[in-house]
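K.L.:
Quick one: sequence plus predicted model below, questions after.
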Amino acid sequence: MAEVIKDLELVSVTKRYGATVAVDAISHHFKPGSYTCLLGPSGCGKSSTLRMIAGHESVSEGAILLGARDIVDLPPAKRGTAMMFQNYALFPHLSVLDNVAFSLKMKGVEAKARRATAAEMLELVDLTQLSDRLPDQLSGGQQQRVALARALITRPQVLLLDEPLSALDPFLRIRMRAELRKLQQELGISFLHVTHGQDEALALADEIVVMNNAVIEQAGPARDVFNAPKTEFVARFMGGHNVIALPSGHFAIRADAVGLTTADAGKLEACITAVEYQGTHVSITARTVGDQDVTAVMADQIFFDHPKNPGDRVGLIWEQENLHKLTT
Ligand code: ADP
């Protein structure tokens, strides 16, 4: 849809609200044409970052480059970005088609041309049949697709999505995230998606940017961020990891990379405190002699070949290469 997709880059971007520093001099280069998730807990500065890129919030310091151009002083409609809001913000009195065509109306595009373009966008999100409905005659998932079509009609280089799935029920959320991913691949433009859900980020993103306390903790391909967290915060936030203190420092290790052996044959001796059956897997938590809780997750078959119970003494084992040293 778009010509050559430009690079988006944040250069030491800061956002202050009075004395609060919501975003603290962050820099990041977003790969053009990729799906990036901005991930972190509530209040870490994700939405402020997104709103500054969209132009809905002023930048206190720093530059936002799209292509070679600093877009910080441009109005939202002139930036080459478009935002899809969490509550979709549809006009209740306008039909689906007119909601989608609205921004072209504002630009002075004549009725026939703007309706034709809106119809194309509705086809893209599979809503052609519902063009004449009003927003309150649509399901949540359908409203979301209208909001998507309405953002895409401006032909953005970068689509910005602020918690786009949070209003949907869990079943629909999983379906819509697959649709978002497919749409991004079809369009080939950059999607930048804010979420506090690590599952959502892992399912969607080429690249994950983890934020905490107004700064970027770690950024990289989704698999690298999950597999090799650099800080204790990232290891805990991504989930599925243990943080273990050893004489040579703190390390993260995936729970499914920890195995069990006899008490005297492991790297750490521990006593099982909990066994949880999770269907395909079993999760075993054990307390080490040094009072650290470590979780091992294994395929149900492996567990039931040598079942264990709370109170059993075991040895914890792992491959050295699966330990990832943490910086903090
Ligand atoms: P997130 O999207 O990660 O939840 P936000 O960017 O919304 O985080 O908020 C980051 C910080 O900035 C929080 O401490 C929040 O309370 C504060 N903040 C956000 N918006 C405003 C505002 N309009 N006025 C004052 N403080 C704000």
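P.N.:
Now that the structure is in, tell me what you want to look at. Residues are numbered from 1 along each chain as shown.
K.L.:
what residues does the chain put near the ligand?
P.N.:
Proximity of the chain to the ligand, by Cβ under 6 Å from any ligand atom, involves residues 17, 20, 22, 40, 42-48. For the C-beta atoms, the positions are set from N, CA and C on the backbone; glycine is no exception.
K.L.:
Between which two of the residues you listed is the distance greatest?
P.N.:
Farthest pair in those (Cβ to Cβ) is Tyr17 and Gly40. Separation: 17.4 Å.
K.L.:
between those two, which one's more packed in?
P.N.:
The neighbour count for Tyr17 versus Gly40, taken as other Cβ atoms under 10 Å, is higher for Gly40 (28 against 11).
K.L.:
just the buried members of the residues of the chain next to the ligand?
P.N.:
22, 40, 44-48 (16 or more other Cβ atoms under 10 Å).
K.L.:
Could you list the domains of the chain?
P.N.:
31-50+74-227, 242-325 (automatic domain parsing).
K.L.:
if we can go back for a sec, let's have the buried ones among the residues of the chain next to the ligand in JSON lines, adding pLDDT and secondary structure.
P.N.:
Shown next, in JSON lines, are those (pLDDT from 0 to 100; DSSP: H, G, I helix; E, B strand; the rest coil):
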{"residue": "Ala22", "pLDDT": "98", "secondary structure": "strand"}
{"residue": "Gly40", "pLDDT": "98", "secondary structure": "coil"}
{"residue": "Cys44", "pLDDT": "98", "secondary structure": "coil"}
{"residue": "Gly45", "pLDDT": "98", "secondary structure": "coil"}
{"residue": "Lys46", "pLDDT": "97", "secondary structure": "helix"}
{"residue": "Ser47", "pLDDT": "96", "secondary structure": "helix"}
{"residue": "Ser48", "pLDDT": "98", "secondary structure": "helix"}
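K.L.:
Residue of the stretch 51-200 of the chain closest to the ligand, please.
P.N.:
The nearest approach of the stretch 51-200 of the chain to the ligand comes at Val194, 6.3 Å away (Cβ to the nearest ligand atom).
K.L.:
In PDB, could you pull the C-alpha coordinates for the helix or strand where that residue lies?
P.N.:
Val194 belongs to strand 190-195 when elements are defined using DSSP states H and E. Only the C-alpha atoms of strand 190-195 are listed here, as PDB (Å, rounded to 0.1, in the frame of the first residue of the first chain):
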ATOM      1  CA  SER A 190       5.300  -0.600  10.500                       C
ATOM      2  CA  PHE A 191       3.000  -1.400  13.300                       C
ATOM      3  CA  LEU A 192       3.800  -0.100  16.800                       C
ATOM      4  CA  HIS A 193       1.600  -1.700  19.400                       C
ATOM      5  CA  VAL A 194       1.500  -0.800  23.100                       C
ATOM      6  CA  THR A 195       0.600  -3.700  25.500                       C
END
